[in-house]
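*Asks:* fold the following.
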Amino acid sequence: MTKLQKFTKFVEALSGQQREDVERLMESVMLNYDERYKLSAEQEAEIERRIADPNNTVVPHDEIEAICGRPMPR
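*Replies:* Residues are numbered from 1 along each chain as shown. I've put the predicted structure just below:
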């Protein structure tokens, strides 16, 4: 069984609201799956470098909310 077949079987077994939530999420993924958003090898390497940096800092949650202008999930 492929991963897609397993996923489909999983979703089909969900109850109403849970299934709708997963369907909505997958619809969003499909709508946003575009080559324009694919990272280059250099961009991927830079992200990996930053993640591996032991001195990496994170922006506080409240600053992210201020930048985005809306509450963000925690």
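
*Asks:* buried residues in the helix or strand containing residue 47, which are they?
*Replies:* Taking DSSP states H and E as the definition, residue 47 sits inside helix 41-52. Buried residues in helix 41-52, defined by neighbour count with 16 or more other CB atoms under 10 Å: none. Any C-beta I mention is one placed from the backbone N, CA and C, and that applies to glycine too.

*Asks:* swap in stretch 64-74?
*Replies:* Buried residues in stretch 64-74 (16+ other CB under 10 Å): none.

*Asks:* helices of the chain, residue ranges please.
*Replies:* Secondary structure of the chain (DSSP state H): helices at 3-12, 16-32, 41-52, 61-68.

*Asks:* of those, which is nearest residue 74?
*Replies:* Between residue 74 and the helices of the chain, the tightest spacing by CB to CB is seen for helix 61-68, at 6.7 Å.

*Asks:* run through who's touching that closest one.
*Replies:* For helix 61-68, the external contacting residues (CB atoms under 8 Å, 6 or more residues apart in numbering) are 59, 71-72, 74.

*Asks:* what does stretch 15-32 give?
*Replies:* The contact list for stretch 15-32 (CB under 8 Å, 6+ apart) reads 11-12, 14.

*Asks:* tell me which of these is nearest to residue 36?
*Replies:* Distance to residue 36 across those (CB to CB) is lowest for residue 11, with 27.6 Å.

*Asks:* look up the closest residue to that closest one, ignoring the ones flanking it.
*Replies:* Nearest residue to residue 11, sequence neighbours excluded (CB to CB, 6 or more residues apart in numbering): residue 22, at 5.3 Å.

*Asks:* gap between the residue nearest to the spatial centre of the chain and residue 37?
*Replies:* Centroid-nearest residue in the chain, with CA atoms, centre = their mean: residue 29, separated by 8.6 Å. Per CB to CB, to the nearest Å, residue 29 is found 11 Å from residue 37.
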